[in-house]
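**Student:** for reference, the sequence and a predicted model appear below.
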Amino acid sequence: MIASGQIPRPLDIPGGDAAITSNDVFDLEVLPQHVIIVGAGYIAFEFAHILRRFGCDVTLLVRSRALKPFDRKVVKRLVDETIQIGIDVRYGIEPVDINGDVVTLSDDSTLVGLVLNATGRIPSIERLRLDAAGIESDHGGVLVNEFLQTTNPNVYAAGDVAKSRNPALTPFAGQEGRIAALNLLRNNTRPLPERPAPTVVFTTPPIAKVGLTVDEAKAQGIDYECKDNDLSHFLTYERINDTTAFSRILLSKDGHVLGAHLIGQHAPELINLFSFIIQNNMTHQHVKHLEFAYPTSASDVSFLI
């Protein structure tokens, strides 16, 4: 069984080895005055918010789009809030050299501070000599079939290192480990199930998604209805002064939820409910007839679809 996970992607520029990664942040003995974060994914945004609230000056270097897997309108609201709390977000800029604490950027300007490399993670396979065992891989990880079996039928792979249909998230890694072990012992009796993949960026406010985005629905030629709601005036959010709360729900023509995209303090829990709705193939009519405790974030669901 191969379950070696992922490692931080190297920052391939002169002096890139001087940058710290998310593995190192909580080992810092002294908070740096200025942190320059390279990247635009989960780790970049989460640590930008953490470090800013610890009192650090934070610059976030975004090469192209921020948080690409997420809905653009939700991300726009998060970026606006990120700027509002004092984080310097720079688009189209990346570091080209690190010399001590001086960072030269692609626009020839310089910054002084500690660099946090948050450019992503890659499969931890470099030292495994997979080719010696006849195991194929690519930049996405170890190639596996629906039973998590590699191109060597005697070897299985699971978790972030496996190139499966699942995203590289903790709950799916655990699920894959159990399925791969079962198939290894019982000769491929359980294929990897297709299930919705709820995911959260734990910023303040957090954002969450499950299912298709607008871009994905368009690319697949799916007819959909998009329902946007500014939730800041809902009692659930008004009583905690959550001015960023917003939902975007994609519905099929027959009323099934195709995707849910949220920002707000209740997003991490509410997205689990939408995942349940999608997984159980419930229509908006089913949901509208459910009763929830009030006032809770779940009690708002029928108004969102």
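**Tutor:** Received, thanks.
**Student:** pLDDT score for the nearest residue to Lys288 once chain neighbours are set aside?
**Tutor:** Distance criterion CB to CB, 6 or more residues apart in numbering; nearest residue to Lys288, sequence neighbours excluded, is Ser302 at 4.6 Å. Backbone N, C-alpha and C define where each C-beta goes, glycine included. At Ser302, the pLDDT value in this model is 90.
**Student:** residues contacting Ser302?
**Tutor:** Each residue near Ser302 by CB atoms under 8 Å, 6 or more residues apart in numbering is listed here: 287-288, 290.
**Student:** can we see that at 10 Å?
**Tutor:** 284, 287-292 (CB atoms under 10 Å, 6 or more residues apart in numbering).
**Student:** which helix or strand contains it?
**Tutor:** Here Ser302, judged by DSSP states H and E, is contained in helix 301-304.
**Student:** can you check Lys218 too?
**Tutor:** Lys218 belongs to helix 214-219 when elements are defined using DSSP H and E.
**Student:** and the next helix or strand after that helix, which strands flank it?
**Tutor:** Next helix or strand after helix 214-219 toward the C-terminus (DSSP H and E): strand 224-230. Partners of strand 224-230 in the sheet, by DSSP bridges, are strand 246-252 (antiparallel).
**Student:** tell me which other helices or strands the helix or strand following the partner strand touches.
**Tutor:** Once strand 246-252 ends, the next helix or strand along the chain (criterion: DSSP H and E) is strand 257-263. Secondary-structure packing of strand 257-263 (3 or more CB pairs under 10 Å, 6 or more residues apart in numbering; DSSP states H and E): helix 72-84, strand 207-211, helix 214-219, strand 224-230, strand 246-252, helix 267-279, helix 301-304.
**Student:** can you point out the buried residues in the third one?
**Tutor:** In terms of neighbour count (16 or more other CB atoms under 10 Å), helix 214-219 has its buried residues at 214, 217.
**Student:** the last one now?
**Tutor:** Neighbour-count burial for helix 301-304 flags 301, 304 (criterion: 16+ other CB under 10 Å).
**Student:** alpha carbons of it, in PDB - could you do that?
**Tutor:** Extracted in PDB, the C-alpha atoms of helix 301-304 (Å, rounded to 0.1, in the frame of the first residue of the first chain):
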ATOM      1  CA  VAL A 301     -31.900  26.500   3.700                       C
ATOM      2  CA  SER A 302     -35.400  26.400   2.300                       C
ATOM      3  CA  PHE A 303     -35.100  30.200   1.500                       C
ATOM      4  CA  LEU A 304     -31.800  29.700  -0.300                       C
END
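**Student:** that one: how far from the chain's middle?
**Tutor:** 24 Å (CA atoms, centre = their mean, to the nearest Å).
**Student:** hey, C-alpha coordinates of the helix or strand of the chain with the lowest mean pLDDT in PDB?
**Tutor:** When each helix and strand of the chain is scored by mean pLDDT, DSSP states H and E, helix 284-288 comes last, with a mean of 88. Extracted in PDB, the C-alpha atoms of helix 284-288 (Å, rounded to 0.1, in the frame of the first residue of the first chain):
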ATOM      1  CA  HIS A 284     -35.800  21.700  -3.700                       C
ATOM      2  CA  GLN A 285     -39.400  20.600  -3.000                       C
ATOM      3  CA  HIS A 286     -38.200  17.900  -0.600                       C
ATOM      4  CA  VAL A 287     -36.000  20.400   1.200                       C
ATOM      5  CA  LYS A 288     -38.800  23.000   1.500                       C
END
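**Student:** can you count the residues close to Trp184?
**Tutor:** I think there's a mix-up here, since residue 184 is Leu and not Trp. Other residues near Leu184 come to 17 when the count uses other CB atoms under 10 Å.
**Student:** any idea how far the residue lying closest to Ala260 once chain neighbours are set aside lies from Leu262?
**Tutor:** By the measure of CB to CB, 6+ apart, the closest residue to Ala260 outside its immediate chain neighbours is Phe274, 3.7 Å from it. Counting by CB to CB, to the nearest Å, the gap between Phe274 and Leu262 amounts to 8 Å.
**Student:** overlap of the contact sets of these two?
**Tutor:** If you check Phe274 and Leu262 against CB under 10 Å, 6+ apart, the residues they both contact are 208-210, 247, 249, 304.
**Student:** picking up where we left off before, quick one, which of the contacts of Ser302 are buried?
**Tutor:** The neighbour-count test (16+ other CB under 10 Å) marks 284, 287 as buried among the contacts of Ser302.
**Student:** how near is the residue nearest the centre of the chain to Ile7?
**Tutor:** Centroid-nearest residue in the chain, with CA atoms, centre = their mean: Tyr42, separated by 5.0 Å. Tyr42 sits 16 Å away from Ile7, going by CB to CB.
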